[in-house]
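Student: coords please:
(chains A and B)
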Amino acid sequence: MRIHRVLAGVLTAMLPCFAPAQQDTLKEIERYRQLLQDGNPAELYEARGEELWKRGRGPKNASLERCDLGLGPGVVKGAYVRLPRYFADTDRVQDLESRLVTCMVTLQGFTTEEAKRNPFSGTGVPMLTTDPFSGVGQRSVMTDLVAWIASESRGMKIAPSMSHPKERLAYQAGENLFYYRAGPYDFGCVTCHGEEGKRIRLQNLPRMANAKDAQRAFGTWPGYRVSEGELRSMQWRMWECVRQMRFPELEFASDASIALITYLAKKAEGGTLDAPAIKR
Amino acid sequence: MQPKTILVLALCGIWVAGCATRPSDSEAERAAARMLKTSFKSRGQATIDRLNQDEVQALCSKYKGEPPEDVRQKIEKSQQAALRYPVSGKMMGDWREGQRIAQSGAGRQFTDDPARPAGGSCYNCHQLAPQELSFGTIGPSLYQFGKLRGSSEAIQKYAYGKIYNSEAFSACSNMPRLGHNGVLTEEQITHLVALLLDPDSPVNK
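Tutor: Residues are numbered from 1 along each chain as shown, chains lettered A, B, ... in the order given. Just a heads-up that it's a prediction; the model follows:
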């Protein structure tokens, strides 16, 4: 009892220290984030991605140089900031990753299943080593391509197309999904991204309805995640959030994933792409 | 077909019909509903049926977390009626256990071992013991929760109920219904109540 009382006394005396300690922690994290900006391993992914774009692959031994990312066959510069968008040949709204699946199938002759396999590179954290999408030290062609293609839009304004009815429908469906709560934790995207200036533990959370927050969040994916030692794409970001929401697995390049990305891209409209970024 | 299969099919039919006939269904809502059916797959414990909403989830989604007053009252009333307190009447457990449960953010993800007990994820969103600097801010600070309120039976019951089912007190709260949804056991919740209310708990120092 006496020890408790002494402890209580000490703790009470220390109370004024806690608030500054909290601020110091946040300041240190901010400093750490700034230090990270010095060297970004994403460059390695970008270099591999460019090489993969030009190299003949698949049953047809073809390159992706005739892949239409929305600005015409082979145009990569500025394509990423205009996605997702509607494509007449597939009659679908597609983000970069689902569009790359299409090109791998039509140009290179892969099956859809092959093109979708291993979309995320990874050390397996927090994914399992048995995960079909990752493996220890396993590289991902998709991730490398995404890194390079996004880098070709660096510094450009985020401007997703909203002229086609299906683009508007994808946006609205994405908004619907954003507010959809379900599962054993009653979570939805909105649980973490509905209010301004909130955190999970020490991680700041963007409020997606706020243009500035959305621009910063959307504009820094894909990003190299220091904590995972991997470059992560926007599809991965959706997949990982949905996992933490305790939902079933969000399928790679699925319509729901594209709708959510369309919603976020529109919210981030007018922001500057600063990706591939480097993140905590 | 086995009777069980028929029953499941019938229930699915009712569920689908219910969705399709909701008068407010816009094209976008129908598109989203279609996507929910085609874009997810069961994985481990996170099975596809988790996407089916109960009434509270459906209403909170529909009103984007801000239901009108009558809906808010309806939700809180139905969830109050569903509150279950420990039969023993004992609502205060061990705050040390509570601290461990509050720290753990594991549970119910398809990457979690379903055989292991879930944590409460409390620090993800709340400040509790001041020694833990890594706390979230989605929920209010609970530092000195008991010191400010005491630990009377009424407060114990409130704390237990709030953790058990936050929707019974605040409709469309961001906080999971940890007891109602079966994430935490009755005993685990009593430990969290102790973490909040026990005068010896670091939360109240």
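
Student: When you work out contacts or count neighbours from here on, use the C-alpha atoms and nothing else.
Tutor: OK.

Student: what residue ranges in chain B score low on pLDDT?
Tutor: Applying pLDDT under 70 to chain B flags residues B:1-25.

Student: at 50 what do you get?
Tutor: Confidence mapping of chain B against pLDDT under 50 gives the ranges B:1, B:5, B:7-24.

Student: got the residue ranges for the strands in it?
Tutor: B:40-41 (DSSP state E).

Student: Skipping adjacent residues, who's closest to the residue nearest the centre of it in space?
Tutor: Centroid-nearest residue in chain B: residue B:177, 1.7 Å away (criterion: CA atoms, centre = their mean). Among residues not flanking residue B:177 along the chain, residue B:165 sits closest, at 4.3 Å (CA to CA, 6 or more residues apart in numbering or on different chains).

Student: ok, residue A:63 - how many residues close by?
Tutor: 19 (other CA atoms under 10 Å in any protein chain shown).

Student: I misspoke; the intended subject was residue A:202.
Tutor: Counted with other CA under 10 Å, residue A:202 comes out at 18.

Student: Just want to check the distance between it and residue B:203.
Tutor: For residue A:202, the distance to residue B:203 (CA to CA, to the nearest Å) stands at 19 Å.

Student: With residue A:55 instead?
Tutor: 60 Å.

Student: Looking at these two, which is more packed in?
Tutor: The neighbour comparison of residue A:55 against residue B:203 (other CA under 10 Å) goes to residue B:203, with 24 against 14.

Student: quick one: whichever strand or helix holds residue A:237 to chain centroid distance?
Tutor: In this assignment (DSSP states H and E), residue A:237 forms part of helix A:234-244. Helix A:234-244 sits 7 Å away from the centroid of its parent chain (CA atoms, centre = their mean, to the nearest Å).

Student: same deal with stretch B:144-154?
Tutor: For stretch B:144-154 - counting by CA atoms, centre = their mean - the centre lies 22 Å from the chain centre.

Student: Equivalent analysis for stretch B:31-38, please.
Tutor: 24 Å.

Student: anything in that stretch near chain A?
Tutor: Yes - part of stretch B:31-38 sits near chain A under the criterion CA under 8 Å from any CA of the partner chain, namely B:31, B:32, B:35, B:36, B:38.

Student: Would you mind giving these as TSV with neighbour count added?
Tutor: Output for the residues of stretch B:31-38 next to chain A, formatted as TSV (neighbours: other CA atoms under 10 Å in any protein chain shown):
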residue	neighbour count
B:31	21
B:32	25
B:35	19
B:36	20
B:38	14
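
Student: out of these, which are inside helices?
Tutor: Among those, the residues falling in helices (DSSP state H) are B:31, B:32, B:35, B:36, B:38.

Student: For residue A:157, give me the pLDDT.
Tutor: Predicted confidence (pLDDT) at residue A:157: the value is 98.

Student: Specify the beta-bridge partners of it.
Tutor: With DSSP bridges as the criterion, residue A:157 is bridged to residue A:272.

Student: count of residues packed around residue B:67?
Tutor: So residue B:67, with other CA under 10 Å, has 17 neighbours.

Student: quick one, what contacts it?
Tutor: Taking CA atoms under 8 Å, 6 or more residues apart in numbering or on different chains, we find residue B:67 in contact with B:59, B:60, B:171, B:172.

Student: now with 7 Å?
Tutor: Residue B:67 is in contact with residue B:60, counting by CA atoms under 7 Å, 6 or more residues apart in numbering or on different chains.

Student: So, low pLDDT: which residues of chain A?
Tutor: For chain A (pLDDT under 50), the answer is A:1-18, A:123-136.

Student: Now do stretch B:84-103: distance from first to last residue.
Tutor: 24 Å.

Student: Mind listing what's buried along it?
Tutor: B:85, B:91, B:92, B:93, B:94, B:95, B:96, B:98, B:99, B:101, B:102, B:103 (16 or more other CA atoms under 10 Å in any protein chain shown).

Student: how about the helices in chain B?
Tutor: Using DSSP H, helices in chain B cover B:3-20, B:27-38, B:55-62, B:69-81, B:95-103, B:122-125, B:145-149, B:153-164, B:186-197.

Student: Which residue is the nearest non-sequential neighbour of residue 47?
Tutor: As the question left the chain open, I've gone with chain A. residue A:148 (6.8 Å).

Student: Actually, chain B is the one I wanted.
Tutor: Residue B:47 sits nearest to residue A:248 (CA to CA, 6+ apart), 5.5 Å away.

Student: and the residues of stretch B:31-38 next to chain A as a markdown table, adding distance to residue A:165?
Tutor: Formatted as a markdown table, the residues of stretch B:31-38 next to chain A follow (distance: CA to CA, whole Å):
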| residue | distance to residue A:165 |
| --- | --- |
| B:31 | 13 |
| B:32 | 15 |
| B:35 | 17 |
| B:36 | 20 |
| B:38 | 21 |
